[in-house]
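Trainee: Here is a sequence together with a model predicted from it:
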Amino acid sequence: MTRVLIVDDDPSTLASISRAFRLAGHEAVVCDNAARAVALIRADRFDIVFSDVVMPGKDGLAMLAELREIGVTTPVVMISGQATVDMAVRATRLGAVDFLEKPVSADKLLLTIENALKLVRLEDENRTLRRRVGRHEIIGKSDALRRVMAQVNRVAATESRVCILGETGTGKELVARAVHDGSPRRERPFVTVNCAAVPSELIESELFGHEKGSFTGAASRHLGKFEQAHGGTLFLDEIGDMPAAMQAKLLRLLQEGELERIGGERPIVVDTRVLAATHRDLEALVGKGSFREDLYHRIFVFPIVMPPLRERVDDVPVLAEHFAARIAEQNGWKARAFMPDALTELTRYNWPGNVRELRNVVERLLLLTDEAVDVSTVRQVLSGRHLTVSSGAGAGTGTLADRVAAFEREAVVGELAAHGHRMTETARALGIERSHLYKKCQQLGIDLKAERTQS
């Protein structure tokens, strides 16, 4: 049954429109002013809203603007007995799905609601398709990946919290999306937040939202990620980097299922499934006191470990060919194949940046190749990087100082690639100051500009 909200200050209009909808089997709720309508829409669920434009106090266009400002996506049809072209244009720009002129026949009302709901369903289907194809595919055939997907299939249909562990670039967000897509929440929003990328002074507003005027620069109300993901899933990436003060507030939300926007005066109930991910050792962070133990136990219900690419070597050729096809299609290039020995050479590389690094390397290979990718081009691109050595190989030659320097250089280059050459994240991963990392790169002869260009 479709729930319809009808907003009009004329009692006879409310009666006639609501009667038409009820006779057709819809549930109709009536409201005689725009301010109360906004409160009803925020507190309850409606499939569609029909609203008059000209009303005392707040008019229909102002109501529509407020609904869009607070993030309400319910389709709204505007009705007016004083319709003008300018009024219709303004309503359309504010997001109205249709504009009707009074008087409106029952047949026209029913046709309008049918068309509007079809449009909403089509948009939802398109969003779902865009979410499930293309860059969100999990590609591979290795036993390690099969074990991960078995865990995803087991936990997806539940409401259990999932913590996805793994090195940077292994595809933790893809696993989170797979959990969401396999869940009863699959038709609802999937919202992501990278806790390491949001400044500590802004993360509360990012997650919980804020009211207009609650702090300098808060020019309008902002819905936080938890509210945006209501009914769906919120993915907290790199949760190990969340500030301590925010950890306490997140714990309270997970315990009580409600939040307060910054500057808000009442709690807001949210129904959001939380998935978390980190490349850090959360147990070690708990031991050092930088991550709350009670929050750890709240999120660490069902861990999934995403294996590094070096532990799923069988997937390297599959991924390389998949990326090559996608990159060629995106750029309008002709398809390029890989020679067998080129694929073998790719499997010998240790992939410190994991799948993300592999995609970058494949794109570079295609830029350097007009025909099939051969082994010499692969060696050119991977030159100077760490190849997996056989079990009988030695640990290098030269003096101890030379070997230590070589090891340090390899470690720094690997971490730079793994973190997208972001110096702050690389320094944090290596446990050194950012300024020290710059000095270390100079000492080891690492050309940061050249490294970025290669990646």
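Mentor: That came through fine.
Trainee: Identify the residues contacting the spatially most central residue of the chain.
Mentor: When C-alpha atoms, centre = their mean is applied to the chain, the residue found nearest the centroid is T192 (3.2 Å). Contact partners of T192, counting by C-beta atoms under 8 Å, 6 or more residues apart in numbering, are E173, A176, L234, F235, D237. No exception for glycine: its C-beta is placed from N, CA and C like everyone else's.
Trainee: partner residues bridging it?
Mentor: Beta-bridge pairing of T192 under DSSP bridges involves F235.
Trainee: which of the contacts of T192 lies closest to D9?
Mentor: D9 lies nearest to L234 out of the contacts of T192, by C-beta to C-beta, at 39.2 Å.
Trainee: For the closest one, list the residues it contacts.
Mentor: Contact analysis of L234 by C-beta under 8 Å, 6+ apart lists V191, T192, V193, K225, F226, T272, R273, V274, L275.
Trainee: so where is the stretch 51-200 of the chain shaky, pLDDT-wise?
Mentor: Within the stretch 51-200 of the chain, the stretches with pLDDT under 70 are 123-136.
Trainee: where do the strands sit along it?
Mentor: Taking DSSP state E, counting those that start in this stretch, the strands of the stretch 51-200 of the chain run over residues 76-80, 98-101, 162-165, 190-194.
Trainee: do you know which of the ones you listed lies nearest R22?
Mentor: It's strand 76-80; of the strands of the stretch 51-200 of the chain, that one is closest to R22 (C-beta to C-beta) at 17.1 Å.
Trainee: what's the closest one packed up against?
Mentor: In terms of contacts (3 or more C-beta pairs under 8 Å, 6 or more residues apart in numbering; DSSP states H and E), strand 76-80 is packed against strand 48-52, helix 60-69, helix 85-93, strand 98-101, helix 106-132.
Trainee: Give me whichever of the ones you listed is most buried.
Mentor: Among those, strand 48-52 has the highest mean neighbour count (mean count of other C-beta atoms under 10 Å), at a mean of 25.
Trainee: Outside of it itself, list whatever touches it.
Mentor: Strand 48-52 has contacts (C-beta under 8 Å, 6+ apart) with 2-10, 13, 17, 34, 37, 41, 60, 63-64, 74-80, 109, 113, 116-117.
Trainee: contacting residues around N354?
Mentor: By C-beta under 8 Å, 6+ apart, the neighbours of N354 are E167, T168, G169, T170, G171, P308, L309, A418.
Trainee: Just want the phi and psi numbers for the closest residue to the first one other than its chain neighbours.
Mentor: So the one you mean is E167. Excluding the flanking residues, the one nearest E167 by C-beta to C-beta, 6 or more residues apart in numbering is P308, at 5.0 Å. Dihedral angles of P308 (phi, psi; degrees, to the nearest 10) stand at phi -70, psi 160.
Trainee: Distance of P308 relative to E321?
Mentor: For P308, the distance to E321 equals 20 Å [C-beta to C-beta, to the nearest Å].
Trainee: ok, the closest residue to L119 other than its chain neighbours - how many residues close by?
Mentor: With C-beta to C-beta, 6+ apart as the criterion, L119 has its nearest non-adjacent residue at 6.3 Å, and that residue is V97. Residues within reach of V97, counting by other C-beta atoms under 10 Å, total 19.
Trainee: ok, now which ones touch the residue lying closest to V193 once chain neighbours are set aside?
Mentor: Leaving aside its sequence neighbours, V193 sits nearest to K225 (C-beta to C-beta, 6+ apart; 5.1 Å). Contacts for K225 (C-beta under 8 Å, 6+ apart) come out as V191, V193, E206, L207, L234.
Trainee: in the stretch 251-400 of the chain, which spans are helices?
Mentor: 282-288, 293-299, 315-331, 340-348, 354-367, 375-382, 400-418 (DSSP state H, counting those that start in this stretch).
Trainee: In the second one, which residues are buried?
Mentor: Along helix 293-299, these residues count as buried under the neighbour rule (16 or more other C-beta atoms under 10 Å): L295, Y296, R298, I299.
Trainee: Tell me, how many residues neighbour V148?
Mentor: By other C-beta under 10 Å, 24 other residues sit near V148.
Trainee: wait, it sits on I304?
Mentor: Yes. Contact criterion C-beta atoms under 8 Å: V148 and I304 qualify, at 6.2 Å.
Trainee: which neighbours do those two share?
Mentor: Taking C-beta under 8 Å, 6+ apart as the contact rule, the neighbours common to V148 and I304 are V175.
Trainee: Make a markdown table out of the strands of the stretch 51-200 of the chain and add distance to M339.
Mentor: A markdown table is the format used below for those (distance: least, C-beta to C-beta, whole Å):
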| stretch | distance to M339 |
| --- | --- |
| strand 76-80 | 58 |
| strand 98-101 | 57 |
| strand 162-165 | 35 |
| strand 190-194 | 38 |
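Trainee: one step back: make a markdown table from the helices and strands packed on strand 76-80 and add distance to R348 to it.
Mentor: Formatted as a markdown table, these follow (distance: least, C-beta to C-beta, whole Å):
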| stretch | distance to R348 |
| --- | --- |
| strand 48-52 | 59 |
| helix 60-69 | 54 |
| helix 85-93 | 57 |
| strand 98-101 | 61 |
| helix 106-132 | 33 |
